[in-house]
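A.B. asks: got a predicted structure here, sequence first:
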Amino acid sequence: MRQRTSILQNIDWVTIFLYLLLVLIGWVNIYAAEYNIAHTSIFDKDMNYGKQMVWILTSVFLIMLILIIDAKFFTTFSWVIYILVMGMLIGVLLFGREIAGSKSWFQVGSFSLQPSEFAKFATALALAKFISKINTDFTKLSSRITAGGIIFVPIVLILLQHDTGSALVFIALVLVLFREGMSGTFLFIGLIAIVLFLLALLVNKFIILVVLVFNAALVFYMFKKLRKKWIWIAGVFLIASAWVFSVDYAFENILETHQKKRINVLLGIEKDIRGAGYNVHQSKIAIGSGGFSGKGFLQGTQTKYNFVPEQSTDFIFCTVGEEWGFVGSFVVIVLFVGLLARLVILAERQRSKFSRVYGYGVASILFFHFAINIGMTIGLFPVIGIPLPFISYGGSSLWGFTILLFVFLKQDSARLELL
Amino acid sequence: MNRNFSDRKYIILGFFIIVGVIYLVRLFYLQVLDDSYILSAESNVLRKNTIYPNRGLIYDRNNKLLVYDEAAYDLMVIPRQVKEMDTTDFCSLLYISDSAFDVKMARVKKYSWYKPSLFVAQITKEEFGYIEEKLYKYPGFFVQSRSLRKYPYPIASHTLGYIGEVNNREIDKDPFYRMGDYIGKSGLERFYEKELRGKKGVEIVMVDVHNREQGSYRNGRYDTVSEQGKNLYLSIDAELQAYGERLMQNKLGSIVAIDPKTGGILAFVTSPVYDPNLLVGRVRGKNFSKLMHDTLKPLLNRAIMGTYPPGSTFKIVNALVGLQEGVLHEGTSYYCYGPATKPIRCTHNHTSPLELVEGIEQSCNPYFWNVFRSIINNPKHNGVVECFNSWRNHVTSIGFGTKFNTDIPFEQGGNIPTSEVYNKIYSEGHWNALTIRSLAIGQGEILVTPLQLANLVVVIANKGFYYPPHLVRAIESKDNKIKEFNSKIVTSIESRHFDVVQEAMLDVFEGDHGTARWSKLPGVKICGKTGTVQNPHGKDHSMFIAFAPLDNPQIAMSVIVENSGYGSTWAAPIASLMVEKYLNDTITRPHIEKRMLEGNLISAK
């Protein structure tokens, strides 16, 4: 069994196929988005599409490296990798280069590296390592705190780099905790908190208060068993009310101006299509004007003439939507959902808990990126600058996602050897 | 940890799929159901550049170019591209104040940050050369070429008119116009706007987000070419016009000269004049308000908007009506007692009694009072009102009291009173020839324009008919004549009655007692009639009508010099010089010309 050749037999070719398709779609669309009459070759290294090819080739090298390394390497060195990457996150705060307000890049010559892209894989590893420990039990507070801490450290460090988008990604790992037994109540509370937050911005707070009072009364009346716990009901009611009334403060003082504007634009409170709403407005025009079958390869006027900003990175989906129409959008979404479903299936077939948790980590992180990125381009989420995995331009992000995915595929291919 | 949570995989998987489905529905709505984004994308990227055609050219009767288009530049701005700049330097370049800059910029930004807006209109070629050198320092500003009207001869400004930016009312009325377009505001520019303006072309280009052109849209498949406006060929003789304007300098009044054979206007002089180049380009606004507030009213076209009592020149009309009505004959004679004559005294010293030819030649008031009385008391008609109506019909058939409605905008109709008016003033049955005796000598309620007066001369020269007086002979090509202007209008006066009138008018120059004998032109038989028009506002208007030569009339005209006294002093010599200029092209009487050119009646007033 321990033969090198077995890798090719055991590896999940479905995932690899989906991965390659997405990478290829990305490359072609980066070419279309950045297309320049003076540099028509897709291999031209002066252009982002030429560079993306380099990132793809180096990713293949990374894949081979990961597949050669023993699968136990990652289980064994999970903590080491986690600590190393966290160290890099601290290092970037000290020695990093500031690009567009975020201090999240190491610059070596013309080459720049974004450690937060690797923090995703490292954190997923550490979380898997911790949860797979025999004495981890989510009914215990200590386990919850440790798991929360593993997720929180990168969030805090990345927030310090002023890269809110990348920091938010780690919230996705809550899905992993949910799968591994964390009470659904936490998710439910979180959801209610978000709904109340948005309502508080949109609706008069006193109306919300009335609704809350009504709900509390309803619970008290309907569920007779709970009446004895009236103090709990009152407590929940008070906390919810306090949350609603603190929203303004949080919104005004914690969020930054551009973040507030993006939320306002999404909620329709602010309709500034020249300023804060410009990106989303132009992005929707690009996608919407694609029609059913698209304007055709290299025919997208919105992308070609730069109406959409960040079109090869965060807004790459606009190019897909504009040039390939609904057909193209459909293909990309189906590929992503297919990849996510495949990852869940793979995770569930793992015999080791470590591999399963890590697999879910990979799926949640990819899902978060997919949902937020496409959601913002079609106006369902506020603008949060995170890339679309495998498709957006960028070396660090492609490397990061490739490592994230293939470490799991390596585990999966070795699932029968382990234990 | 005893419980296996593996069923939660369905929740997670379901969550992934639901999000995917929501996105697909959203995308289906955006991309397939909602078409508005296609339009938005087009409006983003397509820019329609208007290609402005050159306006039609205007030529005089001898193919001299009077008006053409010269390249000019509109300074445009895209506020988003404007960088920090030295505003003071920029303003001095454009001759605008800093505050004007701020006002313009605010207005432009309000319209759009991304679209180009007009910043300064109509920069001339000379000014542009200077601005162009420095324009590189001011990103966001660029020029769009337009054209300006240019007048090689600074003449006939009232006739030619001027163009200006369209106002909102004009835009609403005709969808051809867009904000910032030019339209003829007066004169021929206004009347022939549809012919002169041509057809705008459209060039559709694609622009990027910075509004930089990226090439034509579908290889120009939807572009349209512009068509130059049609040229106008005037009946005006530029040299005669220029000479008329020189003669009228420092005087108030007008000269209207018509070719009796066509009705084409040869000279259309009003004084004071202004240089038509003053109302072109950026200086227009400033100059316009200056001209507007000038007490001498240089913008007023006296030849069509000034209405005057015709004075003694009208005696000819009464003579013609009397002859036609059969109450007057060549030999009819009346007594004149000079200043003692009742009810209208005579100011001229002449023999008495006198016949028709002498009456016209010497402009005898009592003679024409008798003529007028015999018209109003004509036994042929039933009573005063009928006689008066018949008189009025004859007068209006000569072109008085109404507009000609040809191609002369803002023309006034003048006034020939009706019997109803007198019925109202004096009540029915309580007025007679004596009551309205002023009409006998062209005073009272009658008002005529210099153009109508010139037309009277055309009728006399043609012996009973005229062509509607007009300015443009042909459009587009010299041979494409305007048909409406070629229709002969026959008056109610038969041609046989004109011989005696012409003879009398010849005597005005040639006779021993003729009122214009000092303005005689040797070798050319000019027929004329003086008028000295009483004017309640000041000194009498000097008036003269004339045509020449007698046997083959080629020019008919009216001359009015306001507040200058006798018709023979100013108007007659000017008419005589005009005839000489037109027929002989050389002036043989420099002393008269000198007196006319140097006569300054404005400062003396």
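C.D. replies: Everything's here; your move.
A.B. asks: any chance you could map the strands in the stretch 151-300 of chain A?
C.D. replies: Counting by DSSP state E, counting those that start in this stretch, one finds no strands in the stretch 151-300 of chain A.
A.B. asks: tell me where it has helices.
C.D. replies: With helices called from DSSP state H, counting those that start in this stretch, the stretch 151-300 of chain A shows them at A:164-169, A:174-179, A:184-202, A:205-222, A:230-253, A:257-267, A:278-288.
A.B. asks: TSV for those, including mean pLDDT?
C.D. replies: Converted to TSV, the helices of the stretch 151-300 of chain A look like this (pLDDT from 0 to 100):
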stretch	mean pLDDT
helix A:164-169	90
helix A:174-179	89
helix A:184-202	81
helix A:205-222	82
helix A:230-253	81
helix A:257-267	78
helix A:278-288	88
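A.B. asks: out of those helices, which gets nearest to chain B?
C.D. replies: Chain B lies closest to helix A:278-288 among the helices of the stretch 151-300 of chain A, at 2.5 Å (CB to the nearest CB). C-beta coordinates here come from the backbone N, C-alpha and C atoms, glycine included.
A.B. asks: the inter-axis angle of the closest one versus helix A:257-267?
C.D. replies: With axes from the mean of the first three to the mean of the last three CA atoms, to 10 degrees defining the directions, helix A:278-288 sits at 40 degrees from helix A:257-267.
A.B. asks: thinking again about what came up before, what's the most buried one of the helices of the stretch 151-300 of chain A?
C.D. replies: Most buried of those, by mean neighbour count (mean count of other CB atoms under 10 Å in any protein chain shown): helix A:278-288, with a mean of 25.
A.B. asks: tell me the centre residue of chain B?
C.D. replies: For chain B, B:G187 is the residue whose C-alpha lies nearest the centre (CA atoms, centre = their mean; 2.7 Å).
A.B. asks: that one and B:M578, how far apart?
C.D. replies: Noted for B:G187: a distance of 22 Å to B:M578, by CB to CB, to the nearest Å.
A.B. asks: equivalent analysis for B:L188, please.
C.D. replies: 22 Å.
A.B. asks: same check on B:S6?
C.D. replies: In terms of CB to CB, B:S6 sits 114 Å off from B:M578.
A.B. asks: quick one: which of these two has more around it?
C.D. replies: Per other CB atoms under 10 Å in any protein chain shown, whichever of B:S6 and B:M578 has more neighbours is B:M578, with 24 against 10.
A.B. asks: what kind of secondary structure is the more buried one in?
C.D. replies: Assigned by DSSP: H, G, I helix; E, B strand; the rest coil, the conformation of B:M578 is helix.
A.B. asks: quick one: contacts for it?
C.D. replies: Going by CB atoms under 8 Å, 6 or more residues apart in numbering or on different chains, B:M578 touches B:L240, B:Y243, B:G244, B:L247, B:I255, B:A257, B:A267, B:I555, B:M557, B:V559.
A.B. asks: now do the top strand by length along chain A: which elements does it pack against?
C.D. replies: Using DSSP state E, we find that the single longest strand of chain A is strand A:102-108. Contacts defined by 3 or more CB pairs under 8 Å, 6 or more residues apart in numbering or on different chains; DSSP states H and E place strand A:102-108 against helix A:78-95, strand A:97-99, strand A:111-113.
A.B. asks: residues near the residue of chain B found nearest chain A, how many?
C.D. replies: Using CB to the nearest CB, the closest approach of chain B to chain A is made by B:Y37 at 2.5 Å. For B:Y37, the neighbour count with other CB under 10 Å is 21.
A.B. asks: how about the one 4 residues further on?
C.D. replies: When counting by other CB under 10 Å, one arrives at 24 neighbours for B:A41.
A.B. asks: which residues touch it?
C.D. replies: Going by CB under 8 Å, 6+ apart, B:A41 touches A:I285, A:A286, A:G288, A:S289, A:T301, A:Q302, A:E322.
A.B. asks: keep only these that also lie close to chain B.
C.D. replies: A:I285, A:A286, A:G288, A:S289, A:T301, A:Q302, A:E322 (CB under 8 Å from any CB of the partner chain).
A.B. asks: right, and the fourth one touches B:I38 too?
C.D. replies: Yes - contact criterion CB atoms under 8 Å: A:S289 and B:I38 qualify, at 4.6 Å.
A.B. asks: of these two, who's got more company?
C.D. replies: Between A:S289 and B:I38, counted using other CB under 10 Å, the more crowded position is A:S289 (29 against 16).
A.B. asks: quick one: distance of stretch B:277-285 to the chain centre.
C.D. replies: On the basis of CA atoms, centre = their mean, to the nearest Å, stretch B:277-285 sits 17 Å off its chain's mean C-alpha point.
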